[in-house]
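In: After the sequence you'll find the predicted model.
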Amino acid sequence: MEEYEDYDLTLSFHAKNAISALNEMMRPRGAEVRFDYERTGPDHAISWVARVMLEAYDWEDGVSIVMPFEWTNIQSTTKEDAYKQAAKEAIYILQRKTVSDMLNANNLANASTPADVITLHDRVCYLAHEVHDLTERTMLEYFARGKILAAIIMKLSHGGNEEYNVISLGTGQRIIQTPVDPKTNTHIPLKSDGSCLLDLHAEVVTRRGLKRYLYQQLLKVTQQHSSHILEPSQTNGHKGLKYKLKDGVSFHLYISCPPCGDASVFRTKDAKDNVPLKRKEAERQGRLRAKLSDGEGAQPTIDLQNDGRLRLMSCSDKICLWNATGIQGALLSHFLEPIYLESITVGSQHVQQKDHFPRALFKRLDGLNELPHNYHINSPATDLATPGMVESWLPNQVKTSQYSTNWCEGDHRVEVVDAHQGTVINSFSTEQDPISRLSKQSFFKSFKELVNTHGKWNLDGLNYKEAKKTASRYQQTKAMAGQFLEGHAQNGHRVNGFKLGTWLKVTDTHNVDSFPRP
């Protein structure tokens, strides 16, 4: 059933023009669509048999190869209809194949890993792009192109063996647009039911995908009493109240471009004359920056006015915060000990910013001490992938796309989200207004299921905002880190005696968290 829905969705973006849809699907595969046909039957009852042909260019031999698409011989009374029906059949066959590929994405990616890809950063980079290439084949071309890619890879080390799997993958570089009242020309409050995704930048999307995976693992522990990555922890002297990662389990973040904000706005040296940057530019380092609705780039929060638009902290600032709080978020902190990234890998074409990554992503927190129990400042291994691995991945050469995509291990399909609205455009739910599987509302539903299975009745009946606030140690760590980043610069000194900005909270301007249990 879901495969047919996939197929119908693909056609819907071309007003049911199957030929155009098929062409869009084949371009990411490097193939063009042709048709072979023959006329059959007597003159008074002519029919046409059409078959899809695919033309691909063999770069090694320098020739074009034309091959038939199996099982697409379609007969009709007109040539045009035969073409369309053959294209529809080809789309259906492709969808069945991509479902199989997505369910086996990590096996396929690991099997194709070259022998010379041996370092951690290169392995993470290679697997992220290989799995993304598989997801890209399930989409129309304009859903996939021109976006930053981020992925979280899980490494399992046991008995001298190492296993790598892409757990979560996301693309995108926009935040939701704040709606405007045409009569008053003022911004309208965002939806307050947790159904929309607000931040569609790749790093944030892939982290939400990891959180979804962790919910699945916790539910698996409670339902099947087993997990290959989690084991009971001991907190406050009571076993089983929380879980932690097993020994040998680690998570690694890959980003195809430096995260927006402090990690990407500065160069180590001037690209032309290879001299250190001027003092004024160095003094601007460490400033908090925010992404704006309807805007490109991250702006210093110290200069921002509240004009009703959505303002979200830059990805550099968010990643820096995660290196204090962990990547599990507030709700999962009721069930999990903090989980920290082991490494961060950035696409290799960004050499000029390389030296800024550690400073921007975790060293800004140097000097922050006395965090709550089990929390600490994390220092992940940070580096570029080997030059040449991803030089063709240059999303900034085209205008940012309004689409964001996400995938988690075990998914048979990619979810596509309209970043302008924060809503799903290819959900397979039977509900009238389907919501993203990464939305706050979806996570809160999983959270409530965990509350019931774990018997944490003190959390039952709380709305989303209240449930987050009761994660006291997480919230204390988040507040301490945020305040520290507001006024702290390199070497423990303020910049010219001034604050570095304000840590903006979306709930200060938009009521997006006070929705009840779904």
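Out: Right, received. Where do you want to start?
In: following the longest helix anywhere in the chain, which helix or strand shows up next?
Out: Taking DSSP state H as the assignment, the helix of the chain that covers the most residues is helix 79-103. Tracing the chain past helix 79-103, the next element assigned as helix or strand by DSSP states H and E is helix 105-111.
In: Going by contacts, tell me the helices and strands next to that next one.
Out: Where contact means 3 or more C-beta pairs under 8 Å, 6 or more residues apart in numbering; DSSP states H and E, helix 105-111 is packed against helix 120-136, strand 161-171. Every C-beta, even on glycine, is put in place using the N, C-alpha and C of the backbone.
In: Who are the packing partners of the helix or strand just after the last one?
Out: Read it as strand 161-171. Helices and strands here follow DSSP H and E; after strand 161-171, the next one along the chain is strand 180-181. Using 3+ C-beta pairs under 8 Å, 6+ apart as the contact criterion, the elements in contact with strand 180-181 are strand 186-187.
In: How much space separates the spatially most central residue of the chain from Gly159?
Out: The structure's the chain has its C-alpha centroid closest to Gly170; by C-alpha atoms, centre = their mean the separation is 2.2 Å. Gly170 sits 32 Å away from Gly159, taking C-beta to C-beta, to the nearest Å as the criterion.
In: In terms of mean pLDDT, which of the helices and strands packed on helix 105-111 ranks lowest?
Out: When the helices and strands packed on helix 105-111 are compared on average pLDDT, helix 120-136 comes out lowest at a mean of 91.
In: Buried ones in whichever strand or helix holds Leu214, by neighbour count?
Out: With elements delineated by DSSP H and E, Leu214 resides in helix 202-224, which encompasses its position. By neighbour count, with 16 or more other C-beta atoms under 10 Å as the criterion, the buried positions of helix 202-224 are 202-215, 217-218, 221.
In: ok so, going back, and the residue nearest to the residue nearest to the centre of the chain when sequence neighbours are not counted, what does it touch?
Out: Once its chain neighbours are removed from consideration, Gly170 has its nearest residue in Val205; the separation is 2.9 Å (C-beta to C-beta, 6 or more residues apart in numbering). Residues counted as contacts of Val205 (C-beta atoms under 8 Å, 6 or more residues apart in numbering) are Ala150, Gly170, Thr171, Gly172, Leu197, Asp199, Ser404, Asn406, Leu438.
In: Show me the two of those residues that sit farthest apart.
Out: Pairwise distances across those (C-beta to C-beta) peak at 14.5 Å, for the pair Ala150 and Leu197.
In: how far away is the closest residue to Pro179 other than its chain neighbours from Glu337?
Out: Spatial nearest neighbour of Pro179, excluding adjacent residues (C-beta to C-beta, 6+ apart): Ile188 at 4.3 Å. Note on Ile188: its distance to Glu337, by C-beta to C-beta, is 40 Å.
In: again, but for Arg473
Out: Between Arg473 and Glu337 the distance is 10 Å, computed by C-beta to C-beta.
In: Now the common contact residues for these two.
Out: Asn374.
In: Quick check: Cys315 touching His201?
Out: Yes - in this structure, Cys315 sits in contact with His201. The criterion is C-beta atoms under 8 Å, and the distance is 5.3 Å.
In: All the helices of this structure, residue numbers only.
Out: Residue ranges of the helices in the chain, as given by DSSP H, are 2-12, 18-26, 79-103, 105-111, 120-136, 141-144, 202-224, 279-283, 315-325, 329-332, 356-361, 440-454, 464-469, 472-487.
In: Go through those helices and name the closest to Asp181.
Out: By C-beta to C-beta (comparing all of the helices of the chain), the closest turns out to be helix 440-454, at 24.4 Å.
In: one step back: reformat the helices and strands packed on helix 105-111 as a markdown table; add distance to Ile377.
Out: Below are the helices and strands packed on helix 105-111 laid out as a markdown table (distance: least, C-beta to C-beta, whole Å):
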| stretch | distance to Ile377 |
| --- | --- |
| helix 120-136 | 21 |
| strand 161-171 | 24 |
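In: wait, which of the ones you listed is closest to His510?
Out: With C-beta to C-beta as the criterion, His510 lies closest to strand 161-171 of the helices and strands packed on helix 105-111, at 22.3 Å.
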